[in-house]
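In: missing the sequence, but the structure's below:
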């Protein structure tokens, strides 16, 4: 069980060095998480392994352009890319690519949620989403770790602001420590998430094929609709 004492204290020197004077930051739980991660001998701060750690800007919406990903689209371990508004790429500080990790940076209930970006279509983050990019660890594993209790406890520690206006800045994300797990562990996590992603994509494709089959059945009859469904299922 994680430590959760009713009272605790912090050295004033440590408090002033951290730049934080709120009790939340000094919960014993957070120190134990850090100690246990360091004890693995394979712990790294994100700031030391990220090649990109940037939050998006307020999008310049347009009828054509790249889809915009906001906090509603970044779910736990998956990114929604359906029906998104589009915006111009010009002037955007960062463009989302396949293999990036997205982190929600604002909002009660959504802050700290992370997901790997597994779509081939490039997109743009809005000013509530931070884009992480690294070659040091598998991005799918990184997203899953950030969503785990070890990741979420650290995220809770670095959140700033008052209720209703909480923020998780890129500089705070850089201080989060992760366990650089063995390759076989990272690949096992990756395969599980990719399998779920592929099954979800296939289910969506089959749903669209079924909708089209209903239209064909009305226009050309049931045999034509069933033939279409058979072809669609083989292709999907």
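Out: That came through fine. None of the values given here were measured: they were computed from a predicted structure.

In: give me the domain ranges for the protein.
Out: 47-180, 186-235 (automatic domain parsing).

In: just those domains: most buried one?
Out: Of all the domains of the chain, domain 47-180 carries the top mean neighbour count, a mean of 18, counting by mean count of other CB atoms under 10 Å. The C-beta positions use only the backbone N, C-alpha and C, and glycine is treated the same way.

In: show me where the chain has helices.
Out: 12-18, 28-39, 139-147, 149-158, 170-173, 183-220, 222-235 (DSSP state H).

In: what pLDDT does the model give residue 215?
Out: With respect to pLDDT, residue 215 scores 87.

In: scratch that, residue 5 is what I was asking about
Out: Here the pLDDT value assigned to residue 5 is 89.

In: coming back round to it: same list (the domains of the chain) but as JSON lines, adding distance to residue 8.
Out: Below are the domains of the chain laid out as JSON lines (distance: least, CB to CB, whole Å):
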{"stretch": "domain 47-180", "distance to residue 8": "14"}
{"stretch": "domain 186-235", "distance to residue 8": "34"}
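
In: ranking the ones you listed by mean pLDDT, which is last?
Out: What stands lowest among those, in mean pLDDT terms, is domain 186-235, with a mean of 85.

In: hmm, back to that, with distance to residue 76 added, can I get the helices of the chain in a markdown table?
Out: Below are these laid out as a markdown table (distance: least, CB to CB, whole Å):
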| stretch | distance to residue 76 |
| --- | --- |
| helix 12-18 | 29 |
| helix 28-39 | 20 |
| helix 139-147 | 5 |
| helix 149-158 | 10 |
| helix 170-173 | 17 |
| helix 183-220 | 11 |
| helix 222-235 | 30 |
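
In: nothing else from me, thank you.
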